[in-house]
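1. Task: produce atomic coordinates for the following.
(4 chains)
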Protein chains: 2
Amino acid sequence: MTDPAKPSYDDVVRIPAPPGRSNATGRPPRIEEVAERAGVAPITVSRVLRHPEKVNRKTRERILEVIEATGYASNPHARALRSGRSNVVVAFVSNILSQQFGLAVRSFAATLEPEGFEVLVGQTSYSYAKEVAMVQSLRGIRPAAVMFTGVIELEENRTALAELGIPVIETWAFPRDPIDMLVGLPNADAGAMAARRLAQAGHRRVAFIGRSSGRGALRRDGFRAAAAQLGLTIVHEILVGEVTGLVDGRAAFTALLERSGDVDTVFCANDLLATGALIEARARGLSVPRDLAVLGFGDNDVADQITPGLTTISFDAAAVGRLAGELLLARLSGTPRAEQRLAVDLFLVERGSV
Amino acid sequence: MTDPAKPSYDDVVRIPAPPGRSNATGRPPRIEEVAERAGVAPITVSRVLRHPEKVNRKTRERILEVIEATGYASNPHARALRSGRSNVVVAFVSNILSQQFGLAVRSFAATLEPEGFEVLVGQTSYSYAKEVAMVQSLRGIRPAAVMFTGVIELEENRTALAELGIPVIETWAFPRDPIDMLVGLPNADAGAMAARRLAQAGHRRVAFIGRSSGRGALRRDGFRAAAAQLGLTIVHEILVGEVTGLVDGRAAFTALLERSGDVDTVFCANDLLATGALIEARARGLSVPRDLAVLGFGDNDVADQITPGLTTISFDAAAVGRLAGELLLARLSGTPRAEQRLAVDLFLVERGSV
DNA sequence: TTGTATGCGTTATCAG
DNA sequence: CTGATAACGCATACAA
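-> Predicted structure coming up:
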């Protein structure tokens, strides 16, 4: 199609620069240069940046002008080395493509950045091996704190994280013994909510699609328990490995149909699976919810756009990130909140697939 | 639904730890501690980590044992301060939820991490204001290099980036004058490919949906030029702002239908728009491609799963990240590649919507 | 092959 | 309110 050796150029519109400051020294300015120009000692410049109220107003303003003129920014390595404090916070996401995780990390970063922190995003890929490597890499990065979209299950990593001596925030589940701080979701309750909603719609023979471990299993357990109480029969459980796209939901749904036994509804442990199931159902000419109802969890973008819309159990993913950021800021400022373990509310989004 | 004050607990399965090393000093070990235990000078430990071949094998093995036993990892701040080199590489993504960008960043990180670099992911949100703030934040982070999923248009930022004195990699477009290194896509060619494909299918009255700036505009320009040559009439151009979800494609498609003039096909500048258009077309009972053909760009997950599948102009997004990583490694190792500007090939994926 | 002396740029500490 | 001094932990330059 295109010859990579001779691509045609894209004519990009360049937007001209406003008249700018310049500092043509070659290397970034140091605090000493700023201090000299302002006629003060380096430590006074440092104070202006960290405790401005402790510096005389006139001195402060003069220094700030020089800072502006030179474009000075303190060297983070020297600062971290001397003060023992880093301004880097690492957020680990088990799947960088997940919309929910993306929203949470986005709001986490938005909460921390105004306070001078830099949020670094890493990925763990739902893999214990990667999780181990990641905890190791933290020893090398020495961040101010670390946040996970998930909880850490491997005891070795729990210990290693606790030994880092920095704040640790887990999210997305509500275990009894978090490593440190927590913004949790009651996953088992989600399964129970699902069972109640399906029972209410008159369904009796239900199926489950989800991962066999992690949060999917938590939702399944809650689903199982509530289903038993409500008189629902779980006819099949289709267990999947890592979920990377809609195609996994389609495959799982196909596997479900291939098993015998009439099923009138399926609860999927996340919306990627549920959406895939819905698409596969339509592709096979099944009417949803008449032939088969589908209930999801997590509310992603596509769930709202397909027909019928996916009925799903949802929560405010951005709030998870924001609360995590707020918990962390309180801790790092030396006045931790009384409550170090928060839970985010679940709610049902009705759209027509049940 | 759920009372957030009293969430039920998720019983998480903890995986027990293997018997581990321990170092109970309270604080992380320093190079001096390792050196003492191994009976050498600190510099020898440093050498073992950076130039192992320059240390006697027996000495090296003894030191490595102590490193393993203590869990020593060198302090990155001290290392960066002294050596002037950081191992952090920043990758800026204009939309952290985009599948294409996610794939590129993932493979970029996968290429760099084995070589000891840490990849930090930031977000620019298609906004010049954010882009300015981001370039400022780089002064504070002092990374070893920076990569963008996009090209920098604001001259002020181009200058500021060039002045950082670190390798800069732009991607996703093929401008004549990149700041430094480039892994580009010939966007204008994509528009031309689109026009050729539509002409070949016998369409004559075409429409365009896309952003009015950035890469969308580049694809539009190529589309316009080739359409004129091929005798196609561009009946309408629907311009959109930031694209955040399928809903934008649905809205744009609705806007297109509201304009008069019969159109037999629409080229969308990205697959999120195209998929939204396809969904909206189906919701309105239109038959695709009989009533209206839809052609996309970028090949995302959903494009393959809907019915009919979206015909789209695609490329290997993971290759963009990998090539960017390889260019960078070559540069940082002191032996830059002869070719500092690479182009990734485009290809057509036929699925039925044209 | 290994070691000694020195300084990267900043901030904690204490003195004025 | 401002400054002098020292130290954070490591790697460069040079010496042995």
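
2. hang on, isn't residue A:301 packed against residue B:246?
-> Yes. With contacts counted by C-beta atoms under 8 Å, residue A:301 reaches residue B:246, the gap being 6.1 Å. For the C-beta atoms, the positions are set from N, CA and C on the backbone; glycine is no exception.

3. And the two? Which one has more around it.
-> For residue A:301 versus residue B:246, neighbours defined as other C-beta atoms under 10 Å in any protein chain shown are more numerous around residue B:246 (24 against 16).

4. Tell me who's in contact with the more buried one.
-> For residue B:246, the contact set (C-beta atoms under 8 Å, 6 or more residues apart in numbering or on different chains) comprises A:301, A:302, A:305, B:272, B:275, B:276, B:279, B:302.

5. And residue A:274, by the same measure?
-> A:209, A:249, A:268, A:294, A:295, A:296, A:297, A:303, A:310, A:312, A:353.

6. Switch the contacts of residue B:246 over to CSV; also include pLDDT.
-> Listed next are the contacts of residue B:246 as CSV, based on pLDDT from 0 to 100:
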residue, pLDDT
A:301, 77
A:302, 79
A:305, 81
B:272, 89
B:275, 93
B:276, 92
B:279, 90
B:302, 79
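
7. For chain A, just list every one of the strands.
-> Secondary structure of chain A (DSSP state E): strands at A:88-93, A:118-123, A:145-148, A:168-171, A:181-184, A:205-211, A:233-240, A:265-268, A:293-297, A:311-314, A:341-343, A:347-349.

8. weakest of those strands by average pLDDT?
-> Ranked by mean pLDDT, the strands of chain A bottom out at strand A:118-123, which scores a mean of 78.

9. Between strand B:118-123 and it, find me the angle.
-> 110 degrees (axes from the mean of the first three to the mean of the last three C-alpha atoms, to 10 degrees).

10. picking up where we left off before, buried members of the contacts of residue B:246 into ChimeraX, please.
-> To isolate the buried ones among these in ChimeraX, judged by 16 or more other C-beta atoms under 10 Å in any protein chain shown, type:
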select /A:301,302,305 /B:272,275,276,279,302
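
11. Among the contacts of residue B:246, which one sits closest to DNA strand C?
-> Of all those, residue A:301 has the smallest distance to DNA strand C: 41.8 Å, by C-beta to the nearest atom of the strand.

12. ok, now which ones touch the closest one?
-> So residue A:301 contacts A:99, B:245, B:246, B:247 (C-beta under 8 Å, 6+ apart).

13. roughly how far apart are the residue nearest to residue A:211 when sequence neighbours are not counted and chain B?
-> Excluding the flanking residues, the one nearest residue A:211 by C-beta to C-beta, 6 or more residues apart in numbering or on different chains is residue A:240, at 5.8 Å. In this view, residue A:240 and chain B are 16 Å apart by C-beta to the nearest C-beta, to the nearest Å.

14. got the strands of chain A as CSV, with mean neighbour count and distance to DNA strand C columns?
-> Shown next, in CSV, are the strands of chain A (neighbours: other C-beta atoms under 10 Å in any protein chain shown; distance: least, C-beta to the nearest atom of the strand, whole Å):
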stretch, mean neighbour count, distance to DNA strand C
strand A:88-93, 24, 14
strand A:118-123, 24, 15
strand A:145-148, 26, 17
strand A:168-171, 25, 23
strand A:181-184, 24, 24
strand A:205-211, 24, 45
strand A:233-240, 17, 49
strand A:265-268, 30, 50
strand A:293-297, 29, 45
strand A:311-314, 24, 43
strand A:341-343, 20, 30
strand A:347-349, 15, 44
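
15. circling back to that earlier point, next up, the contacts around the residue nearest to residue A:211.
-> Taking C-beta under 8 Å, 6+ apart, one finds A:209, A:210, A:211, A:212, A:248, A:251, A:252, A:273 in contact with residue A:240.

16. ok, which pair from the contacts of residue A:274 is furthest apart?
-> A:209 and A:303 (14.7 Å; C-beta to C-beta).

17. ok so, going back, out of the contacts of residue A:274, flag the one nearest to residue B:172.
-> Distances from residue B:172 to the contacts of residue A:274, taken by C-beta to C-beta, are shortest for residue A:303, at 28.3 Å.

18. how many other residues sit next to that closest one?
-> Residue A:303 sits with 24 neighbouring residues when counted by other C-beta under 10 Å.

19. ok, now residue A:324?
-> 29.

20. Closest one of the contacts of residue A:274 to residue A:112?
-> Residue A:112 lies nearest to residue A:297 out of the contacts of residue A:274, by C-beta to C-beta, at 27.6 Å.

21. Show me the beta-bridge partners of the closest one.
-> Here residue A:297 sits in beta bridges with residue A:313, going by DSSP bridges.

22. and the gap between it and residue B:246?
-> 20 Å (C-beta to C-beta, to the nearest Å).

23. what stretches of the stretch 51-200 of chain A score poorly on pLDDT?
-> In the predicted model, the stretch 51-200 of chain A carries pLDDT under 70 at residues A:96-97, A:123-132.

24. Could you pull out the helices in it for me?
-> For the stretch 51-200 of chain A, the helices defined by DSSP state H, counting those that start in this stretch cover A:57-70, A:76-83, A:99-112, A:128-141, A:155-163, A:187-200.

25. Do the fifth one and chain B come into contact?
-> Yes. Looking at helix A:155-163 against chain B by C-beta under 8 Å from any C-beta of the partner chain, the contacts come from A:155, A:156, A:158, A:159.

26. Give the other helices and strands that that helix contacts.
-> Counting contacts by 3 or more C-beta pairs under 8 Å, 6 or more residues apart in numbering or on different chains; DSSP states H and E, helix A:155-163 packs against helix A:128-141.

27. Now do the same contact list for residue A:253.
-> Counting by C-beta under 8 Å, 6+ apart, residue A:253 touches A:209, A:238, A:266, A:276, A:277, A:280, A:281.

28. make that residue A:181, sorry
-> Contacts of residue A:181 (C-beta under 8 Å, 6+ apart): A:167, A:168, A:169, A:170, A:324, A:327, A:328, A:331, A:340, A:341.

29. would JSON lines of the strands of chain A with distance to residue B:192 be doable?
-> Shown next, in JSON lines, are the strands of chain A (distance: least, C-beta to C-beta, whole Å):
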{"stretch": "strand A:88-93", "distance to residue B:192": "37"}
{"stretch": "strand A:118-123", "distance to residue B:192": "36"}
{"stretch": "strand A:145-148", "distance to residue B:192": "45"}
{"stretch": "strand A:168-171", "distance to residue B:192": "46"}
{"stretch": "strand A:181-184", "distance to residue B:192": "49"}
{"stretch": "strand A:205-211", "distance to residue B:192": "43"}
{"stretch": "strand A:233-240", "distance to residue B:192": "41"}
{"stretch": "strand A:265-268", "distance to residue B:192": "42"}
{"stretch": "strand A:293-297", "distance to residue B:192": "41"}
{"stretch": "strand A:311-314", "distance to residue B:192": "41"}
{"stretch": "strand A:341-343", "distance to residue B:192": "53"}
{"stretch": "strand A:347-349", "distance to residue B:192": "43"}
